[in-house]
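Enquirer: please find the sequence and the predicted model below.
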Amino acid sequence: MPAGTFHIVDRGDHRVLTVAGRDYRTYYSERVLRLLIERKGENRAALYLDFKRTRGELFLGPLFTWLRARGAAKLTLLEVGCSFGHMTEYLAEQPEVGSIVTFDTDPAFVAMTRAKVAELPLPRVREVLCLGNDATRRLPWAAGAFDLVLAVGVVEHLPARNRRAQVDEYYRVLAPGGHIAVLDTPNRWFPLETHSVGLPLVQWLPPRLAWRYARAGRPDRYRHVTFEDFVADGTGWRNATLADCLPASGWRGLRDVTEEAGYGWRFFRDTARSLTRRSLLPLFAVACGALAAAGLPPSLALPYLNLLVQKSPDASADR
């Protein structure tokens, strides 16, 4: 098949997407596939087809094991950033979930997720909203509206000028006694930036110096990227701190259940796949243990922050 072309064949109960001579079987409709290709390009589209399992199950499995063991039922859930809707699909299958509201700032992703809700269908999904960055500084839901709030791979992409207000909103709409999971968030204080640029210390540099470093260290990817595009909203190379993932009031009225629920160090250890990461596990174990002994979250020593926080049942709902 010539470069720059793709082909979709409808087999009735599934579709076959062919890109560069390789076939990918999927249950998604041709409409969803075309929306995905339009947004991400044909060469990247196939990566998303298995995200429900490779990301949904991977990142949310420990959360629902934790909630299930505690008798959770009929949860009202807010998903921050629906992206391709792969997490939305996974969430809609969990028996503990009563209703789902989700939103994204990207109209193309919202269109894909809405198409999935209509076609698969996903009846537990009540709303899929498109909200601009400014609108997410004051979410259109009452304080304490949700038992569970999810932000997976989101915080690092929030504009620095809005980040504090946006994250505070996630906690405002969380009900007393409810949980918020802030997952797959690259840790700004980990020396190697592994999320975007992939170079040591780049996230600590001033933006223009970081741009030059990226162009020199990753010329295949950044040689033709302008400075304006490098620092545009959503690029995410600056990563995020633990403080960014918490409300302005910090830990007040909150309980960290990250390690109890199987995230943090346990999640990092259990999901280590590369030979390099597995060989370094003893060093990470020592660093995480030292932080825990000092009363600090072990996640601070890890490349990614995977946090689960519970709001106190006595906390104010408008917090």
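Expert: Nice, I can see it.
Enquirer: quick one: low-confidence ranges for the protein?
Expert: 1-4, 316-319 (pLDDT under 70).
Enquirer: contacts for whichever helix or strand Arg31 is part of, please.
Expert: Assigned by DSSP states H and E, Arg31 belongs to helix 30-40. With Cβ atoms under 8 Å, 6 or more residues apart in numbering as the test, helix 30-40 has contacts from 6, 8, 10, 15, 17, 26, 28, 45, 47-48, 84, 106, 108-109, 111-112, 115-116, 119. Where C-beta positions appear, they are placed from N, C-alpha and C, glycine not excepted.
Enquirer: from these, list just the buried residues.
Expert: Applying 16 or more other Cβ atoms under 10 Å to those, the neighbour count classes 6, 8, 15, 17, 26, 28, 45, 48, 84, 109, 111-112, 115-116 as buried.
Enquirer: test my guess that Leu129 contacts Thr102.
Expert: Yes - if you go by Cβ atoms under 8 Å, Leu129 and Thr102 touch, sitting 7.5 Å apart.
Enquirer: re the thing from before, now, the buried ones among the contacts of helix 30-40 that are in helices?
Expert: Secondary structure from DSSP state H places Ala45, Phe109, Ala111, Met112, Ala115, Lys116 of the buried ones among the contacts of helix 30-40 in helices.
Enquirer: how near is the second one to Gly85?
Expert: When you say that, I think you mean Phe109. From Phe109 across to Gly85, the span is 7 Å (Cβ to Cβ, to the nearest Å).
Enquirer: what of the fifth one?
Expert: The gap separating Ala115 from Gly85 is 8 Å, by Cβ to Cβ.
Enquirer: now do the helices in the stretch 101-250 of the chain.
Expert: Assigned by DSSP state H, counting those that start in this stretch, the stretch 101-250 of the chain shows helices spanning 107-119, 163-172, 207-217, 219-222, 227-230, 242-245.
Enquirer: save these as TSV, and put in distance to Trp141 too.
Expert: Shown next, in TSV, are the helices of the stretch 101-250 of the chain (distance: least, Cβ to Cβ, whole Å):
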stretch	distance to Trp141
helix 107-119	17
helix 163-172	9
helix 207-217	34
helix 219-222	38
helix 227-230	33
helix 242-245	20
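Enquirer: of all those, which lies closest to Arg269?
Expert: Closest approach to Arg269 among those (Cβ to Cβ): helix 242-245, 19.4 Å.
Enquirer: quick check: next helix or strand after that closest one?
Expert: Counting by DSSP H and E, the next helix or strand C-terminal to helix 242-245 is strand 254-256.
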